[in-house]
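Engineer: Any chance you could fold what I've pasted below:
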Amino acid sequence: MQSADDDVPIRVDFRDRATARAWIEDTQIKRQYRPRFFVAFCNALVMRSKLRILELGSGPCQLAREILTHCDVETYVALDFSPAMHEIAAEYLGELASRVTFVTRDFREPTWPDSLGTFDAVVTLQAAHETRHKRNRPITDAGSTRRAERVTTGRAAAHRVGASGDPARAG
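Structural biologist: Okay, here's the model as predicted:
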């Protein structure tokens, strides 16, 4: 029996390349609404120039591709715990991969922001929901919010994207 503090078991081994690819394909079939989220993120960022962006749980970099294509991005850091996902992301991004710094790190660890620099925006799509326990979410608890604030600049604006794909200013 699990206690309230136990993590929910992860059914997908994102570190395994074949399993990660299967998850990506499954996600594209089951979550066809995701492009609306990509558009909402781009709309929230498009009016700003020379953005420094950090994506937490970047996975295959589908969000990165949209942001890099539609926004003025100076720096894009894709942070994910899975080297396999980084490999898949680099393939998916093609030439855009040269504009991305891939960082292998787990944002559930309190030291995830160490030596990353500062950013105008910290974005995440589905990764916060894949943490398996609310105590591991990178942005939603007070301590994690402080860690995210450590890497944002004074130009940073927080946005959340609702289930409809519509952005709402978060603070």
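Engineer: Mind giving me the packing neighbours of the top helix by length along the chain?
Structural biologist: Ranked by residue count and defined by DSSP state H, the top helix of the chain is helix 17-30. Packing contacts for helix 17-30, counted by 3 or more CB pairs under 8 Å, 6 or more residues apart in numbering; DSSP states H and E, involve helix 83-93. The C-beta positions use only the backbone N, C-alpha and C, and glycine is treated the same way.
Engineer: before we move on, back to that, okay, the angle between the longest helix of the chain and helix 83-93?
Structural biologist: For helix 17-30 and helix 83-93, the angle between their directions (axes from the mean of the first three to the mean of the last three CA atoms, to 10 degrees) works out to 60 degrees.
Engineer: Now helix 17-30: average pLDDT?
Structural biologist: For helix 17-30, the mean pLDDT works out to 73.
Engineer: Buried residues, that helix. List them.
Structural biologist: Applying a neighbour-count criterion of 16 or more other CB atoms under 10 Å, one finds 20, 23-24 buried in helix 17-30.
Engineer: Can you name the next helix or strand after that helix?
Structural biologist: Along the chain past helix 17-30, the next helix or strand (assigned with DSSP states H and E) turns out to be helix 34-45.
Engineer: CA atoms only: put that next one into PDB for me.
Structural biologist: Output in PDB follows, covering the C-alpha atoms of helix 34-45 (Å, rounded to 0.1, in the frame of the first residue of the first chain):
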ATOM      1  CA  ARG A  34      -1.500  20.300 -28.200                       C
ATOM      2  CA  PRO A  35      -0.800  22.600 -31.100                       C
ATOM      3  CA  ARG A  36      -3.300  25.100 -29.500                       C
ATOM      4  CA  PHE A  37      -1.000  25.200 -26.500                       C
ATOM      5  CA  PHE A  38       2.000  25.900 -28.700                       C
ATOM      6  CA  VAL A  39       0.200  28.800 -30.300                       C
ATOM      7  CA  ALA A  40      -0.800  30.200 -26.900                       C
ATOM      8  CA  PHE A  41       2.800  30.100 -25.700                       C
ATOM      9  CA  CYS A  42       4.000  31.800 -28.800                       C
ATOM     10  CA  ASN A  43       1.300  34.500 -28.500                       C
ATOM     11  CA  ALA A  44       2.400  35.200 -25.000                       C
ATOM     12  CA  LEU A  45       6.000  35.600 -26.000                       C
END
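Engineer: The next helix or strand after it: partners in the sheet, and parallel or antiparallel?
Structural biologist: Following the chain from helix 34-45 toward its C-terminal end, the next helix or strand by DSSP H and E is strand 51-56. In the sheet containing strand 51-56, its partner strands are strand 73-80 (parallel), strand 121-123 (parallel), by DSSP bridges.
Engineer: Good, we can wrap up now.
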